[in-house]
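1. I would like to see how this sequence folds:
(chains A and B)
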There are 2 protein chains.
Amino acid sequence: MKHLLIAAHGSRREASNEELKQLGIKVSAMLGVANNQVDVAFLEFAAPSIENALLGLFNNHATEVLVLPYFLSAGNHVVRDIPEELDKVLAQWPDKKITLLPHIGALDSMVGAIAGAFEVAP
Amino acid sequence: MKHLLIAAHGSRREASNEELKQLGIKVSAMLGVANNQVDVAFLEFAAPSIENALLGLFNNHATEVLVLPYFLSAGNHVVRDIPEELDKVLAQWPDKKITLLPHIGALDSMVGAIAGAFEVAP
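-> Numbers count the residues shown, from 1 in each chain, chains lettered A, B, ... in the order given. Presented below is the predicted three-dimensional model:
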């Protein structure tokens, strides 16, 4: 069973982190999968860290995790920091599979999201 | 004619700012409108600023601009900084209309974008 891990920056504002956890729940509902198949983790300021979230999944017998960087542009967090977290986990679990997806800002669906916001505006 | 202004953070990495300008072009293509009906402006590190982009539009006889904060969460940039830019422009152009849209992270379509990334992953 594939798991999805939404890898976000994390904020000092707890409401912002909570908003992301709710987003994870909405995604699992849209996918029609169990809540625990979609997780959210943070690079900074909030728990769980990306490393700990992945270790938790693998300790619970997950075999494959897709990691989606929830970032709009490919800065250092996307290019360097998230891959480093993944490497640390794979060093402990060399037989598990982690697939790093493109950051969300690179998805074609972002074009549609923006266009839609314009079209439905009053 | 309504204009759309995508209000992004801006980056020290020029490639990242360029990526956003390309995104604006893709959005105008999807909407089927002229390139110059969709603009991108930046809070920091890149030009044009949000204020200057709006002044430019109004000087060119635009009457109404929808501003879409291209941010994933409602931090200070969304809550305070972008509204301040808008207020500065409206002080000069009180008869023009600026509509501040919700930040992109708040759109329902983000749930679909994430779910889609999971579903199409190999």
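
2. Kindly indicate whether the residue of chain A positioned farthest from its centre is helix, strand or coil.
-> Distance from the C-alpha centroid of chain A peaks at A:Pro122, with 32.1 Å (Cα atoms, centre = their mean). Recorded secondary structure, A:Pro122: coil (DSSP: H, G, I helix; E, B strand; the rest coil).

3. could you measure it against A:Val111, distance?
-> As for A:Pro122, its distance to A:Val111 is 22 Å (criterion: Cβ to Cβ, to the nearest Å). No exception for glycine: its C-beta is placed from N, CA and C like everyone else's.

4. show me what contacts the residue farthest from the centre of chain A?
-> B:Thr99 (Cβ atoms under 8 Å, 6 or more residues apart in numbering or on different chains).

5. So which residues of chain A form strands?
-> Ranges of strands in chain A, per DSSP state E, are A:2-8, A:38-42, A:64-69, A:97-100.

6. how far away is A:Ile30 from chain B?
-> Small correction: residue A:30 is Met, not Ile. According to Cβ to the nearest Cβ, to the nearest Å, A:Met30 and chain B sit 4 Å apart.

7. which residue sits closest to that residue, ignoring its sequence neighbours?
-> Closest residue in space to A:Met30, ignoring its immediate chain neighbours: B:Ala115 at 4.5 Å, by Cβ to Cβ, 6 or more residues apart in numbering or on different chains.

8. What of A:Gly116?
-> B:Ser109 is the one closest to A:Gly116 (Cβ to Cβ, 6+ apart), at 5.6 Å.

9. contacting residues for the one you found?
-> Neighbouring residues of B:Ser109 by Cβ under 8 Å, 6+ apart: A:Ser109, A:Gly112, A:Ala113, A:Gly116, A:Ala117.
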